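K.L.:
my questions are about this predicted structure, shown below with the sequence.
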Amino acid sequence: MVFIRTKRIKKAQYAYLVENVWTSKGSRQKIKSYLGRIIELKYKDENDEYELEESGEEKELIKEDKVSDNIKEDEVKEKKTEFERYIGINLKEFIKDNDIEEIVRKMVEYETVKAGFEKSQEEKNVMMWGNIFINLKTFKTYVKRKHGSVGDVVLKSHEGFICKESVKELLKYNPMGEDEREDAIMLAKLFVEAGLKVEKEIFIEVFAKVVKKGR
């Protein structure tokens, strides 16, 4: 299994893809490739609501702590997750109708939008923030310099990194099937390492789909 390690050179940080290899002296880390300079994403306060469009129905959501015991269950509207509000459709339907790669692609898009990225008007399936870009088809993250050259970068997001390598590791995940708890922990770890902050409701649905696919 590969993972990302960082190295600071002067005032900048750089990312490297490494793997553990066994030698006569035991386990050692071997650098597989250089991934690029690290760009740290800046998010709004986690307690703030993201600037997403709300429908009239969403504005009328009833908070759980304000619902009295005498209100009928069918009168209480279910609060949607932030991700569900972003995609604009029912979460379970979205998970059911899309494969894992498309689900992760939308999650990456959502994560970058929270950090200020916008859809490129010139390139399809590309998100941009200034001169920083991410291709949502290949998950390649890069910078376009003033003189026209393109360089690889890695996006520091929460406790992990958004880049082609980390997302591919997530997409390669296949549950062992022997211990469901251990499988869930591994998937959660891969989400963290890919820089994706996943709401509990989403994780449960995605994990269920992955397990069902692996059977």
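P.N.:
Everything's here; your move. The shown structure was predicted, so the numbers you read here are calculated from the model rather than taken from an experiment.

K.L.:
ok, longest strand in the protein?
P.N.:
If you go by DSSP state E, the chain has its longest strand at strand 26-40.

K.L.:
may I have the strands that pair with that one, each with its orientation?
P.N.:
Strand pairing for strand 26-40, using DSSP bridges, gives strand 12-23 (antiparallel), strand 150-157 (parallel).

K.L.:
can you find the helix or strand of this protein with the lowest average pLDDT?
P.N.:
Each helix and strand of the chain was given a mean pLDDT (mean pLDDT, DSSP states H and E); the minimum falls on helix 56-59 at a mean of 36.

K.L.:
continuing past that one, what's the next helix or strand?
P.N.:
helix 82-87 (DSSP states H and E).

K.L.:
show me what contacts Val21?
P.N.:
Val21 makes contacts with 27-30, as judged by CB atoms under 8 Å, 6 or more residues apart in numbering. Heads up, the C-betas are built off the backbone N, CA and C, glycines and all.

K.L.:
reformat those residues into JSON lines and put pLDDT, distance to Phe83 and neighbour count next to each item.
P.N.:
Shown next, in JSON lines, are the contacts of Val21 (pLDDT from 0 to 100; distance: CB to CB, whole Å; neighbours: other CB atoms under 10 Å):
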{"residue": "Ser27", "pLDDT": "78", "distance to Phe83": "38", "neighbour count": "8"}
{"residue": "Arg28", "pLDDT": "80", "distance to Phe83": "39", "neighbour count": "12"}
{"residue": "Gln29", "pLDDT": "82", "distance to Phe83": "34", "neighbour count": "12"}
{"residue": "Lys30", "pLDDT": "87", "distance to Phe83": "36", "neighbour count": "11"}
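
K.L.:
which members of those residues are the farthest-apart pair?
P.N.:
Greatest spacing in these, by CB to CB: Ser27 and Lys30 (10.1 Å).

K.L.:
contact partners of stretch 199-215?
P.N.:
So stretch 199-215 is in contact with 81-84, 91-92, 95-96, 100, 103, 107, 173-175, 177, 180, 183-184, 187-188, 191, 198, going by CB under 8 Å, 6+ apart.
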